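following is a predicted model, sequence given first.
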Amino acid sequence: MHEPRQRILEPAHTRRFATIRDRIDPPELAVIVPTFNERPNLRELLERLVAALEGIAFEIIVVDDDSPDGSAALVREFAARDPRVRCLLRVGRRGLASACIEGMLATTAPFLAVIDADLQHDERLLPRMLDELRSGRADLVIASRYLESDRVPGWTGERRWLSRSGTALARALPRLRGLSDPLSGFFAISRTAFESTVRRLSGLGFKLLVDILLSAPAPLRTVELPYRFGLRRSGSSKLDARVAVEFVLLLLDKVLGGWVPPRFALFAAVGGLGVLVHLGVLSALREGLGFAFLEAHIAATIAAMTFNFALNNELTYRDRRLRGIAWLRGWMSFSLLCSLGAFANVGVAATLFAEDEPWLLAALAGILVGAVWNYAVTSLYTWGDRASR
């Protein structure tokens with residue numbers, strides 16, 4: 001009698017995988033490289049990483065957000081010659097922090113590092129960073145641009161100001177207060193520390209390190225190592241107003257504990273400024289130019305709605321920013337929907353006041369209902385997927 005086929009195949013199957021395990025060392029360190037339009041830098045970066053990590057069992061995971069310059073194709077070409085390199089291509093998604101998170105989740109390595117593809121980070125520091133993690137002295141190792149000097153060569157006044165302002169804002173938070181460079185994009189972390197944090201991460205914007213530090217259930221043991229920040233050779237910096245806004249949204253999300261959407265907090269703040277615009281225009285027209293109250297009030301309302309729409313378009317929804325004819329359609333949509341929100345505001349306030357609730361409570365309830373309505377419907381219809389078409 002022949003043995004059942006499954007029982008005959010199992011030993012050979014097991015032996016085959018045992019042979020593969022003997023031949024391939026599992027990676028101890030995974031280096032995650034998020035990219036978007038970094039093709040001119042990628043080949044040199046990969047060669048430099050391979051040289052810097054000689055003697056270490058490693059893998060390099062390039063997470064590319066569907067770069068139109070062919071970055072993913074170049075990485076695959078390199079990976080065909082070196083299986084320690086692989087490409088994770090994301091289609092329909094974009095964002096440095098979320099790209100790094102996906103890359104870190106795609107490896108079995110016990111230690112993880114993040115490095116930019118612009119050749120400004122010194123990859124030769126990676127072995128020292130790994131040694132700190134191996135020793136157990138740290139859960140997280142940060143390569144700091146500011147540990148030895150507060151000046152970064154080659155930065156313009158605007159970039160220097162944005163970086164210093166962001167660093168000062170971050171260091172105002174208790175968990176980040178003792179760090180010289182909490183906005184560093186070059187760091188290494190143990191898998192244990194990362195997995196304890198990953199389900200709390202916001203994944204917003206470019207500053208994953210801040211996200212990790214503020215999301216960890218307990219403060220992480222952190223070591224900073226100094227390095228000299230290099231000059232970008234090709235391509236353009238991703239640091240712009242959008243990055244700054246996303247950083248503010250990230251901090252809002254952490255400060256608010258995830259209970260209030262950070263976009264809503266920014267939307268409400270813009271609405272508060274709109275109230276000041278309304279009162280300023282009303283006062284100017286009524287007191288300064290002698291307009292009748294009704295005419296002045298209508299003009300002030302239009303001015304405030306236009307201000308709110310324009311500022312939300314530039315800040316709150318910068319990643320969905322409307323341009324050209326879509327801007328005009330968006331303004332009309334925003335004005336109409338917020339007018340309905342004003343009716344909801346007045347209706348709720350009037351109903352509560354009629355039921356003998358304190359006038360201040362009734363007014364605040366009306367404002368809250370109106371704000372939530374405005375945020376929800378304009379997010380869907382003014383800045384939704386169809387708005388920019």
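Perfect, I can see it now.

from what I can see residue 334 touches residue 377, true?
No - the pair residue 334 / residue 377 is not scored as a contact, 9.4 Å apart, by CB atoms under 8 Å. Backbone N, C-alpha and C define where each C-beta goes, glycine included.

between the two, who's got more neighbours?
residue 334 (25 against 18; other CB atoms under 10 Å).

and for that one, nearest residue in space, chain neighbours not counted?
Nearest residue to residue 334, sequence neighbours excluded (CB to CB, 6 or more residues apart in numbering): residue 309, at 4.4 Å.

next, count neighbours for the one you found.
Residue 309: 24 neighbours (other CB under 10 Å).

A helix includes it, no?
Yes - applying DSSP: H, G, I helix; E, B strand; the rest coil, one finds residue 309 inside a helix.

from residue 303, how far out is it?
Going from residue 309 to residue 303 by CB to CB, to the nearest Å gives 11 Å.

show me what contacts the closest residue in space to residue 340 that isn't next to it in sequence?
Of all residues not flanking residue 340 in the chain, residue 373 sits nearest, at 7.2 Å (CB to CB, 6+ apart). Each residue near residue 373 by CB atoms under 8 Å, 6 or more residues apart in numbering is listed here: 340-341, 344.

which of these ranks first by neighbour count?
Neighbour-wise, these (other CB under 10 Å) top out at residue 341, 21 neighbours.

what helix or strand is it located in?
According to DSSP states H and E, residue 341 maps onto helix 325-354.

average pLDDT across that helix?
Averaged over helix 325-354, pLDDT sits at 80.

now swap in stretch 376-388 and tell me
74.

check the nearest residue to residue 321 once chain neighbours are set aside and give its pLDDT.
Excluding the flanking residues, the one nearest residue 321 by CB to CB, 6+ apart is residue 313, at 5.7 Å. The score at residue 313 is 89. That number is its pLDDT.

can I see the domain layout of the chain?
12-236, 262-382 (automatic domain parsing).

pick out the shakiest of those, pLDDT-wise.
When I compare the domains of the chain, domain 262-382 is least confident, with a mean of 80.

and the strands in the protein?
In the chain, strands defined by DSSP state E lie at 29-35, 58-64, 85-89, 111-114, 140-144, 187-190, 222-226, listed in chain order.

can you redo the ones you listed as JSON lines with mean neighbour count and distance to residue 383?
Listed next are the strands of the chain as JSON lines, based on neighbours: other CB atoms under 10 Å; distance: least, CB to CB, whole Å:
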{"stretch": "strand 29-35", "mean neighbour count": "26", "distance to residue 383": "25"}
{"stretch": "strand 58-64", "mean neighbour count": "25", "distance to residue 383": "27"}
{"stretch": "strand 85-89", "mean neighbour count": "19", "distance to residue 383": "27"}
{"stretch": "strand 111-114", "mean neighbour count": "26", "distance to residue 383": "30"}
{"stretch": "strand 140-144", "mean neighbour count": "24", "distance to residue 383": "35"}
{"stretch": "strand 187-190", "mean neighbour count": "25", "distance to residue 383": "33"}
{"stretch": "strand 222-226", "mean neighbour count": "19", "distance to residue 383": "38"}
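
can you say which of the ones you listed is nearest to residue 173?
Closest to residue 173 of those, according to CB to CB: strand 222-226, at 14.0 Å.

what is the orientation angle of the closest one with strand 140-144?
Orientation of strand 222-226 against strand 140-144 (axes from the mean of the first three to the mean of the last three CA atoms, to 10 degrees) gives an angle of 30 degrees.

list of residues touching strand 222-226?
Counting by CB under 8 Å, 6+ apart, residues outside strand 222-226 touching it are 125, 128-129, 132, 137-144, 147-148, 179-181, 213.

recalculate using a threshold of 7 Å.
Strand 222-226 is contacted by residues 125, 128-129, 132, 137-138, 140-144, 147-148, 179-181 when judged by CB atoms under 7 Å, 6 or more residues apart in numbering.

again with stretch 267-282
With CB under 7 Å, 6+ apart as the criterion, stretch 267-282 contacts 296-297, 299-301, 303-304, 307-308, 311-312, 315-316, 371, 375.

swap the cut-off to 10 Å and go again
248, 252, 260-261, 291, 293, 296-317, 338, 341, 367-368, 370-372, 374-375, 378-379 (CB atoms under 10 Å, 6 or more residues apart in numbering).

thanks a lot, catch you later.
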